Structure formats: structure tokens, C-alpha cells
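Trainee: Generate a structure from the sequence data that follows.
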Amino acid sequence: MLEFFKRNIKGDRVIWLIIGALAIFSLMSVYSASGTLAYKYQGGNATHYLLRQAVLLLMGFFIVFIVHRIPYRYFSKLSLWAYYLAVFLLFVTLIWGMSLNQASRWIMLPGGISFQTSDFAKLALMMYLARVLAIKEKEIKNLKTAFRLLFIPIILVCGLIMPADLSTAVLLFGTAVVLMIIGRVNIRYIGVLIGSAIVAGGLVIAVAFISPETSRVGTWSQRITDFFNEESEGNFQAEQSKIAIATGGFIGKGPGNSVQRNILPHPYSDFIFAIIIEEYGCLIGGLFLISLFVYLFYRVVIIVRKVDRKFGAYVSIGLAAMLSFQAMAHMAVSVNIIPVTGQTLPLVSMGGSSIIITSLAFGVILSVSREVMEREKIIAIENSTDEIENQNLSPEVKNEMK
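Mentor: Below is the predicted model of the structure:
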């Protein structure tokens, strides 16, 4: 088995270790945090959600393994079709999707499986932008072309996500802006994009105010109001999350000893970071988990500096930023730095489509790193071969080379 992994697991080993560490955190925390859910829906069978999460994570590892063996240049060709599919799915979700709390975020797949289309749209948009930045580098120096190839797709995808999930739309928009800055898009053009997005967002909000009973504008405004008013009853989630973190202290209460998991809404997804700190403390549960995402971004930066194709560089940094920003948003909510968003912790929170899409993102990143490492090995072999050949040269020739 060990030989199989050595032979077939390629790419950055540190990123593989980060994936494994996040999966371990996921299993331990979901098993603990889903106790109330198990009591309510599964007759107290807490292993139900543990096994479900384990199966999803195994599927995720299989996806990472398959995707990381595919040459990443193929993802550039697929990104355009993925973008078109994402826009289509977002339209379908907005009109016919499953609605919960006035939010249509899911569609039902064959077999009764729910799928959150915004997760796929995030991946598709990052890959599409990476392709455009790589192959249309000269064309996008013109504002009209940049608006058509970059700005309209960003506004369209984020605009379709926004009515049901404002926080995801804002995070995705911010990640897209960061990727364009890295891609050296004219800052003035990016200013035009931000201005256009503000206008488009304002129109969506204006329409939402006209029919508040069918929109989430009331939820958005209430969350912002609650955030700035500590005495508001709407701060229940944030207060319970802070209690979980405060009582967890430096070393935590120990696995399975969380109290707030029985009080916090969605402790297995939206507030799993708070439960992790309560049980494992600020040292292991907090700083270590944060360092995993920070180090993930750092490892991808190292990969980007070595990759020889621009698409590989842009898609790697874009997907790493997407995962890291989402993780930081989730953690910021748990410690009450920003209003409640409903963002999950990538590969840790309980979920289906989130784990699958996160695994796809990791697979693409590892595909890029695999080719980088293989290229470095080829160069090293060629250099060593040259040295051997030089050693076999006559003394006269060696003197000439000097």
C-alpha cells in the first residue's frame, strides 16, 4: 500500500498532508457537533452523520486523486464549458431551485441528491478567469474587450448568486478582483468593474425592497443591524459562538465535550470552527487550523513561482485564494469580526456539494504542482547527465569549457 502511494500520489506532499489534516478535523468535529441533529432525525444514532461524512471525504479523496493525475492544460479547455454550465445551473436554481428561508440555493439531482450550484459556479468562474487572463493577455488591455471577456462574466455569475447568497457573491467577487490584480489587469479597469458591480447590486437590492416578502433583503439588513447592536436578540448565534470559543480556552474541553453544540444553530456547518475551538482549544483547534489554510496559500505561491504556463499559475492562485478567503470568512464570523454569513469551512464542515467542489479545486492545484515537480526532475536529470558527460571529456576540452 505504501509503495502504491509513493508511485501514484504526486504533486506537493505538503498540500496532501493539509488535505489529510482537514479531513481528520472534519471527522472528529462533525461526529461531535452533529449529536443534536442525530437525536432529532436519526433516533440518537450519532454514527449516521459520521459515516456519511466519511463516505463524502473518501469520495473527495478519490476525486482529488483522479483530477491531480490529469494534465492541467485540459482544464483550460474545459473551463469555458464549465462557465456556461454554471450560468445555466444558476438560472435554473434561481427560478426552480429548492427554497429555504427565501433562498433558492439548491437543485435536486436524480436519486434525491441536493446540489448547491453556487459551489460549482465559484470553481467554474475561477477557472474561466484564469483561462482568459492567460490566453487573452494582450486583448484585455483594452477596456471594451476586458469588459466583455472578464467583467460581464463576473457580474453575471455573482449577480445570479447574490439574491440567494449575498456573502458567497461578495466573496467570489472579491476573489475575482484579487485574481485580476495578480493578472495585471489595468487598475482603472478594475475600478470600472467595481463601480458597475455597485450599480448592478444596487438595482438588485432596490428590486428586493419593492417585494421584501420574496427576497432576503430583510435578512441582510437585520444581520448587519444585529452585528452593530450587541444587545439585539438577533445576536444569539454570534453570542453562543463567542461563548464556545471563550470556554474552550487554550487547550479546550476535550473531544466530544462541547456544550454549545447543543445550543448553536448549525454547529456542524456554519459554526463548526467555534465547536472545534471549544473542544480542542485555541492552540490546536484555532491557531493550527488557521495555519493550515495560510500555509496552503503559501505553498501555492511557491508552485506559482515555478510553473511555466500562465494558466497553471492563475488557476492555482485563484482556487487557493477562493478556499482561503472562504475559510477566513467562516472563522471571522465565529469570532464575531463580521456579520453572520453562512459560509462553511472548506473540507471540514458537514456537507456534500461543498466537499466535492473543494476536492475538485484541490485536485486542480495538485495537478499543476505535479507537473511542476515532474519538470524539475527532468531538468535535474538533464543537468546530472551533462555533468557526467563533461566528466568524460578530454582535459583539453574541459579547459576550453572553462
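Trainee: Give me the pLDDT for Ser221.
Mentor: pLDDT, Ser221: 67.
Trainee: distance of the one residue sitting closest to the centre of the chain from Arg7?
Mentor: Compute the mean C-alpha point of the chain, and by C-alpha atoms, centre = their mean the closest residue is Leu323, 2.6 Å away. Per C-beta to C-beta, to the nearest Å, Leu323 is found 28 Å from Arg7. In short, each C-beta sits where N, CA and C put it, glycine included.
Trainee: swap in Leu129?
Mentor: Per C-beta to C-beta, Leu129 is found 35 Å from Arg7.
Trainee: In terms of neighbours, single out the busier of the two.
Mentor: Of the pair Leu129 and Arg7, Leu129 is the one with more neighbours under other C-beta atoms under 10 Å, namely 26 against 8.
Trainee: Would you mind giving the secondary structure of the more buried one?
Mentor: Following DSSP: H, G, I helix; E, B strand; the rest coil, the label given to Leu129 is helix.
Trainee: Grab the nearest non-local neighbour of it.
Mentor: Nearest residue to Leu129, sequence neighbours excluded (C-beta to C-beta, 6 or more residues apart in numbering): Leu179, at 5.6 Å.
Trainee: Could you report the neighbour count for the one you found?
Mentor: Neighbour tally, Leu179, other C-beta under 10 Å: 24.
Trainee: what's the answer for Tyr31, then?
Mentor: Around Tyr31 there are 21 other residues, counting by other C-beta under 10 Å.
Trainee: which strands and helices sit next to the helix or strand hosting Ala197?
Mentor: Applying DSSP states H and E as the criterion places Ala197 in helix 187-210. Counting by 3 or more C-beta pairs under 8 Å, 6 or more residues apart in numbering; DSSP states H and E, the packing neighbours recorded for helix 187-210 are helix 143-146, helix 152-161, helix 166-182, helix 217-228.
Trainee: contacting residues for Gly60?
Mentor: Counting by C-beta atoms under 8 Å, 6 or more residues apart in numbering, Gly60 makes contact with Ala23, Leu347, Ile355, Ile356, Thr358, Ser359.
Trainee: Can you select the buried ones among these for me in ChimeraX?
Mentor: Listed next is the ChimeraX selection for buried residues among those, using 16 or more other C-beta atoms under 10 Å:
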select :23,347,355,356,358,359
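Trainee: What mean pLDDT does the top helix by length along the chain get?
Mentor: As assigned by DSSP state H, the longest helix anywhere in the chain is helix 353-391. Helix 353-391 shows a mean pLDDT of 84.
Trainee: Show me what that helix is packed up against.
Mentor: Packing partners of helix 353-391 (3+ C-beta pairs under 8 Å, 6+ apart): helix 13-33, helix 47-68, strand 113-116, helix 117-135, helix 289-306, helix 310-334.
Trainee: can you give me the angle it makes with helix 310-334?
Mentor: Using axes from the mean of the first three to the mean of the last three C-alpha atoms, to 10 degrees, the direction of helix 353-391 lies 140 degrees away from that of helix 310-334.
Trainee: Pull out the buried residues from helix 353-391.
Mentor: 353-373.
Trainee: and if you look at stretch 302-321?
Mentor: 303-304, 307, 310-321.
Trainee: which one of these is nearest Arg148?
Mentor: Comparing those against Arg148 with C-beta to C-beta places Tyr314 closest, at 18.6 Å.
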